[in-house]
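Asks: Take a look and give me a structure for this.
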Amino acid sequence: MRKHKLYANLKKCIFGASEIPVLGCLVGKNGVRPDPGKVSVINEWPTPSNVKELRQFLGLATYLCKYVSNYAGKIRPLSQLLKKDAAWVWTADCQQAFDAVKQGLTEAPILAVADQDRPFHVVCDASDFAI
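Replies: Okay, the predicted model is just below:
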């Protein structure tokens, strides 16, 4: 490593671990999953009472959105509250969207590396409002 000017700090090294933390996720031989600590923070998040609190929640949740199916569709009611000049009215739809994101992260799948020897099935969808 030194030949290539790479250095390691033993205090920061992890040896013999089945999973290692990387950028808010745990990476292991079976794939990548969200860090349970981050998921716990999101699950314990109180219901937002203003735009600032909603932005804070969505900032963290969006970082882990790859683990939540149809994330953009689920947060649509919340996104409506972030629009310029939108009145802050926390509706039942907003609460349902908020809870759906929390639930989606609780049930988050492990994202695995594709097996190149097996067939792939690509499924595409479209939405009038979500990406």
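Asks: Please count neighbours and contacts with C-alpha atoms only from this point.
Replies: OK.
Asks: Now do the phi/psi pair for the nearest residue to residue 112 once chain neighbours are set aside.
Replies: Nearest residue to residue 112, sequence neighbours excluded (C-alpha to C-alpha, 6 or more residues apart in numbering): residue 31, at 4.1 Å. Dihedral pair for residue 31: phi 140, psi -150, per degrees, to the nearest 10.
Asks: What count of nearby residues applies to residue 31?
Replies: Residue 31 has 14 neighbours, counted by other C-alpha atoms under 10 Å.
Asks: again, but for residue 77
Replies: 19.
Asks: Which of the three states applies to it?
Replies: Look at residue 77: counting by DSSP: H, G, I helix; E, B strand; the rest coil, its state is helix.
Asks: that older thread, which residues are in contact with the residue nearest to residue 112?
Replies: The contact partners of residue 31, taken as C-alpha atoms under 8 Å, 6 or more residues apart in numbering, are 110, 111, 112, 113.
Asks: For the second one, what are phi and psi?
Replies: Geometry field for residue 111 lists phi and psi as phi -80, psi 120, criterion degrees, to the nearest 10.
Asks: That one contacts residue 28, doesn't it?
Replies: No: counting by C-alpha atoms under 8 Å, residue 111 does not reach residue 28; the two are 10.3 Å apart.
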